[in-house]
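Student: Predicted model and sequence follow; I will ask about them next.
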Amino acid sequence: MLQQIRENYNQLSTLNKRVFFGLFLFFDSLFLGLSYGYGGLNFLDIILLDKLPTDLIWLLQILESISAGFLVIKIFFDDIPPSRIRTLGIFLSPLFMLGVIFLTLEALLQGLETKATITLDLISISTGTLTWASTYLAIAIGLTLTYKVQRYGNFAQSEFFMIGMYLAMVMVWSDYFVPLYDAPKDGVLTWSLLSWSLLAAFILTGFAGIMIDRLVYRGFREQRASPQVMMIASLGVALILRALTYLRFGASRNMFEPDSDWRMPTMRWELPTTKFRFNLGDRTQGLAPAEPFWDANGNGIYDRGTNGLFESFTDLDGDNRYDSAQTYNHYNCEQTGIDETTGEPILSRIVSEVSKPFFEMYDTNVDCVTGATTNYAYYKGIVPAVIFSSVAILLLLLTKTRLGRKMRAVADNPELAASSGINVERVQLTSAFLSAGISGLGGAIFAITLRYNPETAFTLLLPSFAVIVLGTIGSIPGAIIASLIVGFVRALSSPILIGIGSPLGRSNYTAMDGVMPYIFLVAVLMIMPEGIGDAYEKWKIDRLRRKRERTKKPSKVVTYLLAIFPLTAVLGLHNWWNDRSDRAQTLASIGIGSYIFHRFASFISRNSFYSDACSDTCSTNTGVQTNLDILLGSDGILQAEDSPYFSDTLADIDISWFELMQTELWFIESISSMDNLVWPLIPILVWCVALFQAVEYIWGTDYISKPVKSIDKRTNIFDILSAYDSKIRNTWNKIVRDYESKIYSITNNIRSQPSSLLEKYSNHPPSNERFKYGRESKIGSNIIFIILLIILFLFLYWLPISNSDTMNFNKALQVSNVLLTLSIFILMSFSLNLHTGVTGMVNFGVIFFVGIGAITVGILTAPTEVHGYAWPVLPATIFAILLAAAFGWALAYPTARLRMDYFAIVTISLGEIVRVLLAGEPLLRVGSIGSAIGISKYTLPLKQWWFCGRGVSIGPDTDYISADSCRNDSALIGPADK
């Protein structure tokens, strides 16, 4: 019978197998397991004599349910043929997964007979998404650009972000800008210092990227080093830069404040919002004591002091207290009457006594009148504005300029690009400047949001790697989309984890929001092994193919209508309708860019010292008419005496403040003038161009290009300037080539000196053949190993130690610690070498498997009184090895299709997941009676034999509670006492 069932199952298609398996997982986890406690894991716990922790069982059942949800999505991607149903399923997959998560939490809380409330604020999640997405994107875009052009993952990218943060601080700390930086609050923002800081961070960090590229990475490129070697080298560069920053600025936390007014409570947007409230778990209403009615003397008569019995109250639950049914005030409102004075409806919150609703959606406060709002501070809102604008400009640079075409050519095929006359090394230099500069710019603007130290940027590196992997490595549009997805996951997970943390006894789950991007990344890559960008590129190719197969020409009427309406014309939709997406992108970029600049300029003018501008602070102050009046008073003329530092006579700081404020006013006036020029002139011009293009499409003529072609090149000023520019470039290129050739010849001579000396003084020519490949040869590798081993022993000998009576013993402990650490790293190196050498996959998750082994042994060997299991060391070690091997085998199948780079990032994400789980999951805490984080008091191998000797028992019912008790007993002589 079992054989027949197996044969029938094998005859099923892949689609049917996956559907059956997914339904089985849902049924086992949601219905049987979480709701009623009869799932497969529950029966496994019964077989193991109830040895599995209850929390571990339902955690694994949650994982089972969510895995089933991703399996359903994978069915839509892999097994359903292209159709509208498949497209709709893929489009709705995020909502489906969100529903699976809430359904899983509902089943869990119902099974545990507890309840939780989750409140989602639409605006808060949206703004949080933008903030996190822009933060990750500032590093991810540099990683993407570096990988796109130079083909390696730069672990030092977060350090460029760090350099930008500290450069912003250096700018405001300088003597020149101190008068503006230290000025007291006046309710009006200054913008020149922020602009100079961002510009300096971009340029100086870009030059830092060039210097590091010239000093480090160029040598690797000349030697044709593998991307893995350059990746490891970038990790070394990151450690050096971080150490230098620690040496200069220390570990103290700083904050970039270009103006103290940025932190004022009034500097914020109040945005109307809609809130979604989920009441999960047990929603029944219980009983509440109707205090102060109580049977104080136990005579069976309910009393209130000495006033006797109150018949209207009843003891419903037999606890000798009068009870009343609990009520729940909904956050939705209903009309309960009409105000006789104003005639307006009276609104009150809905009250229910039976149960709470599962879902509520509302947009008013508890008074049912005022609308619900969410505050979004200016200093947070400026982060996505600056970073997304910078990335958009970079994207236009790469797609619409000659430099961008060169960079794309080098990214596709460096050899072919070089043979086409492109200076590949210069393109590499430009790539290093742009990738470092834009990360430095992001770091400078991010520094305004929080207090940071040199370690802050590194905490953002791994989520940024998750962004580029999710969006397909090397794809800038994919990185932008992926950053929004990862930011949304991070912003959405915070209120969910806050809501379920306390009911599940896990208040530290609020720290788990940082690990959600990694979990989401691993799950998505199981469905799309090459990320979102690759799927997007394939979709574009299919769309273009379908367009080419069309024989029907675009409707001229639709073209005319799209061009005649200003909005569709500015967006270039008429070009898109006629299959000219390049023109559509150009017009849309110009139109949308001008609108965004207009919005930025309007906001800056309103919240600055621009003439006639009046911010919120000005509006609430009846004594002033404009923002400038707050600064200048009634005379309206900027003078040095208006300085906030002025006392009796003018000082140098007053003069400096006056000059800086003149620059500030000039800067604001310039932005306003540019805004008056750009808006609405640019959109009108774009509209006119759209009308000309519509005529071209309708009549088949080209009214734009003919006048341009008819201009004589000899009278075209642009051609003349281009000719002079070409001459200057050629002269400069010749100087650079001559200089580089001289430097190259000098370095070659220096490098050839050791080999020439070796040939000159060697009398055994056959031995030179053995040194032919240098360090990479067998004998060369052995020599280097011996030299490094000798250096290691010398370091052990030179390590300082205190001069005391126990100096030799302390030295022995020091050497043993070094050897122990060395042994651990040797084992990790063997593991990495085995994986990389045999399979060719770069595994950055070795620490993940090390962590599994260490955590398992620590938990199993810890005493039971401190939440451990009191296993002996050897069985715990064997079990930990088998468990780590099982994890490795389980990860092999779903990750086998991943490319080397994706596999490396997925494995490093697993290590980060374990690190965060150690801080947030109570099951991973042993060694303390309380809830201290970490694993301690685990059994040390041979410790009992070392201090107690053989034949001595330790434990709660013996003379010695632990091995430490033996150490204090002089009657026992163990190996430690000999």
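Tutor: On my side now, so go ahead. Numbers count the residues shown, from 1 in each chain.
Student: Whatever helix or strand residue 66 lives in packs against which elements?
Tutor: In this structure, residue 66 sits in helix 54-78 according to DSSP states H and E. Counting by 3 or more C-beta pairs under 8 Å, 6 or more residues apart in numbering; DSSP states H and E, the packing neighbours recorded for helix 54-78 are helix 14-26, helix 40-47, helix 84-91, helix 93-112, helix 516-527. Backbone N, C-alpha and C define where each C-beta goes, glycine included.
Student: Out of the ones you listed, flag the one nearest residue 778.
Tutor: helix 516-527 (39.1 Å; C-beta to C-beta).
Student: one step back: so which bits of the helix holding residue 66 are buried?
Tutor: Within helix 54-78, the residues scored as buried using 16 or more other C-beta atoms under 10 Å are 57-62, 64-66, 68-76.
Student: Flag the shaky bits of the stretch 401-550 of the chain, pLDDT-wise.
Tutor: Residue ranges of the stretch 401-550 of the chain with pLDDT under 70: 550.
Student: which residues in it form strands?
Tutor: Under the criterion DSSP state E, counting those that start in this stretch, the stretch 401-550 of the chain carries no strands.
Student: which residues of it fall in helices?
Tutor: Remark: helices assigned in the stretch 401-550 of the chain by DSSP state H, counting those that start in this stretch are 402-412, 414-419, 424-446, 461-470, 476-501, 516-527, 531-548.
Student: ranking those by burial, who's on top?
Tutor: helix 461-470 (a mean of 28; mean count of other C-beta atoms under 10 Å).
Student: show me the contacts for residue 249.
Tutor: 166, 169, 454 (C-beta atoms under 8 Å, 6 or more residues apart in numbering).
Student: Can you give me the buried ones in stretch 30-43?
Tutor: By 16+ other C-beta under 10 Å, the buried positions in stretch 30-43 come out as 30, 32, 33, 34, 35, 37, 39, 40, 41, 42.
Student: Now render those as CSV, adding pLDDT and distance to residue 417.
Tutor: Below are the buried residues of stretch 30-43 laid out as CSV (pLDDT from 0 to 100; distance: C-beta to C-beta, whole Å):
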residue, pLDDT, distance to residue 417
30, 88, 55
32, 89, 60
33, 90, 57
34, 90, 57
35, 89, 61
37, 88, 64
39, 89, 58
40, 90, 57
41, 90, 56
42, 90, 62
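Student: so which of those comes closest to residue 86?
Tutor: Checking those against residue 86 by C-beta to C-beta gives residue 30 as the nearest, at 25.2 Å.
Student: residues in contact with that closest one?
Tutor: With contacts defined as C-beta under 8 Å, 6+ apart, the neighbours of residue 30 are 65, 103, 104, 107.
Student: And residue 256, by the same measure?
Tutor: 165, 168, 169, 172, 197, 444, 447, 448.
Student: you'd agree it is in a strand?
Tutor: No. Looking at residue 256 with DSSP: H, G, I helix; E, B strand; the rest coil, it is coil, so not inside a strand.
Student: Number of residues surrounding the spatially closest residue to it that is not a sequence neighbour?
Tutor: Nearest residue to residue 256, sequence neighbours excluded (C-beta to C-beta, 6 or more residues apart in numbering): residue 447, at 3.6 Å. Other residues within reach of residue 447, judged by other C-beta atoms under 10 Å, total 28.
Student: chain center to stretch 241-252: distance?
Tutor: Averaging C-alpha positions (C-alpha atoms, centre = their mean, to the nearest Å) puts stretch 241-252 23 Å from its chain's average.
Student: Report pLDDT for residue 928.
Tutor: In this model, residue 928 is scored at 63, pLDDT.
Student: looking at it, residue 414 is touching residue 423, isn't it?
Tutor: No. Under the criterion of C-beta atoms under 8 Å, residue 414 makes no contact with residue 423, lying 11.1 Å away.
Student: Quickly note the distance from residue 51 to residue 869.
Tutor: According to C-beta to C-beta, to the nearest Å, residue 51 and residue 869 sit 8 Å apart.
Student: what about the strands in this protein?
Tutor: For the chain, the strands defined by DSSP state E cover 115-121, 268-272, 275-281, 287-294, 321-325, 328-338, 345-352, 359-362, 373-377.
Student: Mean confidence (pLDDT) on the third one, please.
Tutor: Averaging pLDDT along strand 275-281 gives 90.
Student: hang on, the earlier thing: tell me how far the helix holding residue 66 is from the chain's mean position?
Tutor: Centroid displacement of helix 54-78 relative to its chain, using C-alpha atoms, centre = their mean, is 23 Å.
Student: Run through who's touching that helix.
Tutor: So helix 54-78 is contacted by 14-15, 18-19, 21-22, 25-26, 28-30, 33-34, 39, 41-42, 45, 86, 89-90, 93, 96-97, 100-101, 103-104, 107-108, 111-112, 505, 523, 526-528, 922-923 (C-beta under 8 Å, 6+ apart).
Student: and if you look at stretch 514-521?
Tutor: Applying C-beta under 8 Å, 6+ apart, the external contacts of stretch 514-521 come out as 459, 462-463, 466-467, 469-470, 485-486, 489-490, 493, 905-906, 909-910, 912-913, 916-917.
Student: ok so, going back, can you tell me which of the strands of the chain is packed in deepest?
Tutor: By mean count of other C-beta under 10 Å, the strands of the chain have strand 275-281 as the most buried, with a mean of 19.
Student: What is it packed up against?
Tutor: helix 93-112, strand 115-121, strand 359-362, helix 476-501.
Student: if we compare those, which one ends up closest to residue 239?
Tutor: Of all those, helix 476-501 comes closest under C-beta to C-beta, at 25.2 Å.
Student: Dump the strands of the chain to a markdown table, plus distance to residue 696.
Tutor: Shown next, in a markdown table, are those (distance: least, C-beta to C-beta, whole Å):
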| stretch | distance to residue 696 |
| --- | --- |
| strand 115-121 | 49 |
| strand 268-272 | 43 |
| strand 275-281 | 49 |
| strand 287-294 | 76 |
| strand 321-325 | 75 |
| strand 328-338 | 56 |
| strand 345-352 | 58 |
| strand 359-362 | 49 |
| strand 373-377 | 44 |
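Student: For residue 812, which of those strands is the nearest?
Tutor: Of all the strands of the chain, strand 115-121 comes closest under C-beta to C-beta, at 54.5 Å.
Student: tell me the angle that closest one makes with helix 93-112.
Tutor: 160 degrees (axes from the mean of the first three to the mean of the last three C-alpha atoms, to 10 degrees).
Student: tilt between strand 115-121 and helix 476-501?
Tutor: Counting by the same axes, to 10 degrees, strand 115-121 lies at 140 degrees to helix 476-501.
Student: about what we covered before: show me which of residue 51 and residue 869 is the more surrounded one.
Tutor: Neighbours per residue, other C-beta under 10 Å: of residue 51 and residue 869, the larger number sits with residue 869, 14 against 8.
Student: Once you drop chain neighbours, what's closest to the more buried one?
Tutor: Excluding the flanking residues, the one nearest residue 869 by C-beta to C-beta, 6+ apart is residue 860, at 4.9 Å.
Student: Residue 396 now?
Tutor: In space, residue 396 is closest to residue 589, 5.9 Å off (C-beta to C-beta, 6+ apart).
Student: ditto for residue 176
Tutor: Going by C-beta to C-beta, 6+ apart, residue 176 has residue 656 as its nearest residue, at 7.2 Å.
Student: from memory the one you found sits against residue 179, does it?
Tutor: Yes. With contact defined as C-beta under 8 Å, residue 656 counts as touching residue 179 (4.7 Å).
Student: More neighbours: which of the two?
Tutor: The neighbour count for residue 656 versus residue 179, taken as other C-beta under 10 Å, is higher for residue 179 (22 against 19).
Student: From residue 647, how far out is the more buried one?
Tutor: 14 Å.
Student: hang on, the earlier thing: most surrounded residue in the contacts of residue 249?
Tutor: Of all those, the highest neighbour tally under other C-beta under 10 Å goes to residue 166, namely 24 neighbours.
Student: What's the separation between that residue and residue 155?
Tutor: In terms of C-beta to C-beta, residue 166 sits 19 Å off from residue 155.
Student: One more: residue 382?
Tutor: 28 Å.
Student: Just give the nearest non-adjacent residue to residue 381, would you?
Tutor: In space, and not counting its chain neighbours, residue 381 is closest to residue 269: 6.7 Å by C-beta to C-beta, 6+ apart.
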